[in-house]
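Trainee: show me the folded form of this:
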Amino acid sequence: MNPSQVPSLWEQLLPFALIFVVFYFFIIRPQAKKMKDHQSLLQNLKRGDSVITSGGILGTIEGLTEKFVTLEIDQNVRIKVLKTQVSGLAKEKTT
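Mentor: Residues are numbered from 1 along each chain as shown. Just a heads-up that it's a prediction; the model follows:
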């Protein structure tokens, strides 16, 4: 390439476009899918489900409101946590 030649705008933007495509498929898209799945989980929670919170607390849902979940973590021991802190359904049943 002759030093006096300037690369076209397309040649200058192509590397940035490729980086964006890589970021989209490896970071943005999977994160959006994960958020969508978590929102679906929160919408489908019901009384009696065994769940685990993001803090690692395992319990059974005893009550639900728009923002909070009441978990029974032992007999007659109930705590109230934010619904968004429920990270998933527990694989095993709590006692």
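
Trainee: which residue lies nearest the spatial centre of the chain?
Mentor: Nearest to the geometric centre of the chain sits residue 35, at 3.9 Å (C-alpha atoms, centre = their mean).

Trainee: that one - that's part of a strand, no?
Mentor: No: in this structure, residue 35 is helix, not part of a strand, as judged by DSSP: H, G, I helix; E, B strand; the rest coil.

Trainee: where exactly do the strands run in this protein?
Mentor: Remark: strands assigned in the chain by DSSP state E are 50-53, 58-64, 68-74, 77-82, 86-89.

Trainee: wait, which of those is closest to residue 12?
Mentor: Of all the strands of the chain, strand 86-89 sits nearest to residue 12, with 43.6 Å by C-beta to C-beta. Placement of C-beta: from N, CA and C, glycine included.

Trainee: list of residues touching that closest one?
Mentor: 38, 41-42, 45, 49-54, 69 (C-beta atoms under 8 Å, 6 or more residues apart in numbering).

Trainee: pop the domain breakdown of this protein in here.
Mentor: Split into domains by automatic domain parsing, the chain comes to 1-44, 46-95.

Trainee: with mean pLDDT added, can I get these in JSON lines?
Mentor: Shown next, in JSON lines, are the domains of the chain (pLDDT from 0 to 100):
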{"stretch": "domain 1-44", "mean pLDDT": "90"}
{"stretch": "domain 46-95", "mean pLDDT": "92"}
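
Trainee: ok now stretch 60-70, how far from the chain's centre?
Mentor: 19 Å (C-alpha atoms, centre = their mean, to the nearest Å).

Trainee: good, wrapping up.
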